[in-house]
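**Q** What follows is a predicted structure for the sequence shown.
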Amino acid sequence: MRRFLAIALLLAIVAGASWMLLRWDRSRLAMADPWRAIPAEAAVIVEVPDALAAWDRFSHTSLLWRSWEPMRGPKRLAAIMAQINQALEADAALRQELGAPTVLVALLRSGQGAADALFAGPCGSLPAERLAGLLGVEADQVKDFASGRPVACAGDSLWSGMHACAREGLWLLSGSATALEEGLLQLERGTPITADAPFIRARATLGQVTEAHVLINMERAQGMLSSIWEPERIERLGLPKGWLALDLASKPDALLLNGVLVPAGDDALLRNLSAQGAGAWNIARLLPQDAVQWEVRHVGDAEAAMAARADLDERMRATEAVATWMRGSVGVARGLDEGRRWLVAATDDADRAAEELRAPCADAPCDTLQHRGVRMTRQPQAHPIELLLGRAAELPQQPWWSVLGSHVVMSDDAEALRSAIDAWSEGGSLAELPRARDWFRRMSDDAAMTWWCDAGRSAALFRAGLQERPAEGFPAWEAVLAQLGGFSVQLAPAPDGLAHVMVGL
């Protein structure tokens, strides 16, 4: 009997100790979750597992980073990270206590600029007093930092202008005192952004093994972009509302992001893209080499696409150029010269397309020209083309057009159309330009919608519509843009009203 009581007592002690240890461990892990400090108003969130190792790989292998590093912000970040790594290499115990932390970077729209960045990560087993030194906190501020009160980092070092604190097993850092306060307020609220149902749905689509995750609230990101470019230009994009969840992969010469857009309710654009399906998008064979940007949509059912136009806000359509003879890739492209623009539309019946386009010539004679044996015709009046292109299309109402194989190519400039005919009939097209051709091979073969630009040759595209303050700083970025190649965004329909998204730079 005594042996039984001893065994029972021993089991009770073990069970009690295990229960306490398990509860303590769960509490500690929950407190060390940096997602708890991410403000609900965040527009963009980047999650970097094992941030120190990820930074080492990225900074030593990415040619993109080498292009950006001379800029003021990236240069300062590189110097700070070098300082941290030097301290960790000199103190193995410090490195072990810090562990392999997951670091979050949240971008919040600021009142004076486009965005404020908030960095958050777990302290691990590292005492806050020791962590303070890594984050540039001066000795007389360490006590306040460790007690959870925001402090200004050393004003005469790389950390000048930064604010930091440690609270509830987390460290928070930001160049904006306001953003840091937002993170602390979020901790006090106790309901993290990870409890939001739409966010949960988007985050669940992310891969487990990846270099980083990027989550974007489309509506807030649109507001942030409106601080950089004129709001009218951003509204014209017609971005769907919802969460975009992307897995990021860094290649030596590119950044590739793949994921899913989870819309906030029914979205007319995504519904239309889903109805039209995906298909080939590459129209480079029909464009000259000075083409630097395009938006292409796949048209599987032209009549359904025209019916769906009634659901779209005219002001927000970027490329709604749909007629019943169109089937396949339909897109608007632009060249280096602001005045050179083309509409390229595939058709499964070139004769019917030509017949419908020539129909207005019965009422008013059409101007015609010949180039390399190809007929060029100009629309005589605005009304039919207005119905064809939609009010938001970036082409005038009376373009020149030609049938080139299974495509119709239009342009308001006869010389621009001639250059497209030259590219199609004699070679020297955009498809043969190495910097464009190589990037096209890395893009998905099929998509419902594709936006592409040659970033290195598109400074004018990015400069157009900039707000006054960003425009003043833009010249510094032109040198960076000049070193870049392709930049593309592709969408394809996914089940349950979602959309696959592929982004590459």
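**A** Great, that's in hand.
**Q** Can you pull the phi/psi pair for the residue nearest to A221 when sequence neighbours are not counted?
**A** Spatial nearest neighbour of A221, excluding adjacent residues (CB to CB, 6 or more residues apart in numbering): A43 at 4.8 Å. Placement of C-beta: from N, CA and C, glycine included. Per-residue torsions, A43: phi -90, psi -40 (degrees, to the nearest 10).
**Q** Look up the residues forming beta bridges with W452.
**A** W294, S488 (DSSP bridges).
**Q** Now for it: which residues touch it?
**A** Q293, W294, V296, W439, F440, M443, G486, F487, S488, V489 (CB atoms under 8 Å, 6 or more residues apart in numbering).
**Q** Next: A115.
**A** A43, V44, L107, L108, R109, M224, S227 are the contacts of A115 under CB under 8 Å, 6+ apart.
**Q** at 7 Å instead, please
**A** Contacts for A115 (CB atoms under 7 Å, 6 or more residues apart in numbering) come out as L107, L108, R109, M224.
**Q** Can you add neighbour count and give those residues back as TSV?
**A** Formatted as TSV, those follow (neighbours: other CB atoms under 10 Å):
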residue	neighbour count
L107	21
L108	23
R109	19
M224	21
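**Q** from those residues, which is closest to A37?
**A** In terms of CB to CB, no member of the contacts of A115 lies closer to A37 than L108, at 12.1 Å.
**Q** so how far is D413 from that closest one?
**A** Distance of L108 to D413, given as CB to CB, to the nearest Å: 44 Å.
**Q** The strand or helix carrying V501: how far from the chain's middle?
**A** Following DSSP states H and E, one finds V501 within strand 499-504. Chain-centre distance of strand 499-504: 9 Å, with CA atoms, centre = their mean, to the nearest Å.
**Q** Does it pack against any helices or strands, and if so which?
**A** strand 242-251, strand 254-263, strand 486-493 (3 or more CB pairs under 7 Å, 6 or more residues apart in numbering; DSSP states H and E).
**Q** what about the helices in the stretch 151-300 of the chain?
**A** 177-189, 197-203, 218-225, 231-237, 268-276 (DSSP state H, counting those that start in this stretch).
**Q** Deepest-packed of these, please.
**A** helix 268-276 (a mean of 20; mean count of other CB atoms under 10 Å).
**Q** residues in contact with that helix?
**A** Under CB under 7 Å, 6+ apart, the answer for helix 268-276 is 238, 240, 263, 298-301, 304-305, 308, 311-312, 448-449, 491, 493, 497, 499.
**Q** Narrow those residues to just the buried residues.
**A** 238, 240, 263, 298-299, 305, 308, 312, 448-449, 491, 493, 497, 499 (16 or more other CB atoms under 10 Å).
**Q** So which of these are in strands?
**A** Residues of those located in strands (DSSP state E): P263, H298, V299, M449, L491, P493, A499.
**Q** partner residues bridging the second one?
**A** Read it as H298. Bridge pairing for H298 - DSSP bridges - gives S329.
**Q** pLDDT value on it, please?
**A** In this prediction, H298 carries a pLDDT score of 92.
**Q** Over to the one 10 residues further on?
**A** In this prediction, A308 carries a pLDDT score of 66.
**Q** Also L98?
**A** For L98, pLDDT reads 82.
**Q** and if you look at A323?
**A** pLDDT, A323: 81.
**Q** How many residues are close by it?
**A** By the criterion of other CB atoms under 10 Å, A323 has 22 neighbours.
**Q** would you say it is within a helix?
**A** No. Using DSSP: H, G, I helix; E, B strand; the rest coil, the assignment for A323 is coil, not a helix.
**Q** show me the contacts for the closest residue to R36 other than its chain neighbours.
**A** In space, and not counting its chain neighbours, R36 is closest to P192: 4.7 Å by CB to CB, 6+ apart. The neighbourhood of P192, defined by CB under 7 Å, 6+ apart, consists of W35, R36, I38.
**Q** what's the answer for A414, then?
**A** L369, M376, W400.
**Q** among the helices of the stretch 151-300 of the chain, which gets the worst mean confidence?
**A** helix 231-237 (a mean of 81).
**Q** re earlier: what would the buried ones among the contacts of helix 268-276 look like in JSON lines with distance to P365?
**A** Output for the buried ones among the contacts of helix 268-276, formatted as JSON lines (distance: CB to CB, whole Å):
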{"residue": "G238", "distance to P365": "38"}
{"residue": "P240", "distance to P365": "44"}
{"residue": "P263", "distance to P365": "48"}
{"residue": "H298", "distance to P365": "35"}
{"residue": "V299", "distance to P365": "31"}
{"residue": "A305", "distance to P365": "31"}
{"residue": "A308", "distance to P365": "35"}
{"residue": "L312", "distance to P365": "35"}
{"residue": "A448", "distance to P365": "39"}
{"residue": "M449", "distance to P365": "38"}
{"residue": "L491", "distance to P365": "42"}
{"residue": "P493", "distance to P365": "44"}
{"residue": "G497", "distance to P365": "49"}
{"residue": "A499", "distance to P365": "46"}
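**Q** farthest-separated two in those?
**A** It's P263 and V299 that sit farthest apart of those, by CB to CB, at 21.4 Å.
**Q** Which helix or strand contains the closest residue to T347 other than its chain neighbours?
**A** The shortest distance from T347 to any non-neighbouring residue, by CB to CB, 6+ apart, is to A353 (4.5 Å). Applying DSSP H and E as the criterion places A353 in helix 350-358.
**Q** What are the buried residues along the very next helix or strand once past that helix?
**A** Next helix or strand after helix 350-358 toward the C-terminus (DSSP H and E): strand 368-371. Across strand 368-371, burial judged by 16+ other CB under 10 Å covers H371.
**Q** Averaged pLDDT, strand 368-371. What do you get?
**A** 95.
**Q** Paired strands for the very next helix or strand once past that strand, with orientation please.
**A** Counting by DSSP H and E, the next helix or strand C-terminal to strand 368-371 is strand 374-378. Here strand 374-378 is paired, per DSSP bridges, with strand 368-371 (antiparallel), strand 400-404 (antiparallel).
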